[in-house]
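Asker: Build me a model:
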Amino acid sequence: MSDLAIGIVGVGRMGTYHLETWEHIEGAQVVGVAEPNEALARERIGRRPIAHFAHYQDLVKRRDVDAICITAPSQSSVDSSRRRVICTSGARLESCTVRPIWIS
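Answerer: Here you go, the predicted model:
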């Protein structure tokens, strides 16, 4: 069991970087990714025990996700009002209260 369960929205180039980086942070574990391109998501997840969601809303609804890492393209609009946002990569946030929980 991890101390911090992470969800990642978007697993393109930046999302893959975040996925791999979180693997090296003690106490953190990526538990789900939201990516509309299922083939890309499955390729990035590989054999990791990570759930895939086609829609970010389904990832945000999960009760076991503590924080969301948004790496979707800047034209994306993400409502993450139910979760803490760790970082964004240009995505527009709707109905979001950003409460930093970790700053590097």
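
Asker: Mind naming the longest helix for the protein?
Answerer: Using DSSP state H to define each element, the chain has its longest helix at helix 13-22.

Asker: what residues does that one touch?
Answerer: 6, 8-9, 11, 28-30, 33, 35, 44, 69, 71-72, 87, 89 (CB atoms under 8 Å, 6 or more residues apart in numbering). C-betas here are computed from N, CA, C, even on glycine.

Asker: These, buried ones only, as a ChimeraX selection?
Answerer: In ChimeraX, a selection of the buried entries from those looks like this (16 or more other CB atoms under 10 Å):
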select :6,8,9,11,28,29,30,33,35,44,69,71,72,87,89
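
Asker: between the contacts of helix 13-22, which is nearest Val60?
Answerer: Val9 (8.3 Å; CB to CB).

Asker: For beta bridges, what are the partners of that closest one?
Answerer: Ala34, Ile70 (DSSP bridges).

Asker: need the helices for this structure, in chain order.
Answerer: Under DSSP H, the chain gives helices at 13-22, 38-45, 56-61.

Asker: Going by neighbour count, which residues of the longest one are buried?
Answerer: When burial is assessed from 16+ other CB under 10 Å, helix 13-22 yields the following buried residues: Met14, Gly15, Thr16, His18, Leu19, Trp22.

Asker: could those residues go into CSV alongside distance to Lys61 and pLDDT?
Answerer: Shown next, in CSV, are the buried residues of helix 13-22 (distance: CB to CB, whole Å; pLDDT from 0 to 100):
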residue, distance to Lys61, pLDDT
Met14, 23, 88
Gly15, 19, 89
Thr16, 24, 91
His18, 21, 89
Leu19, 20, 92
Trp22, 20, 90
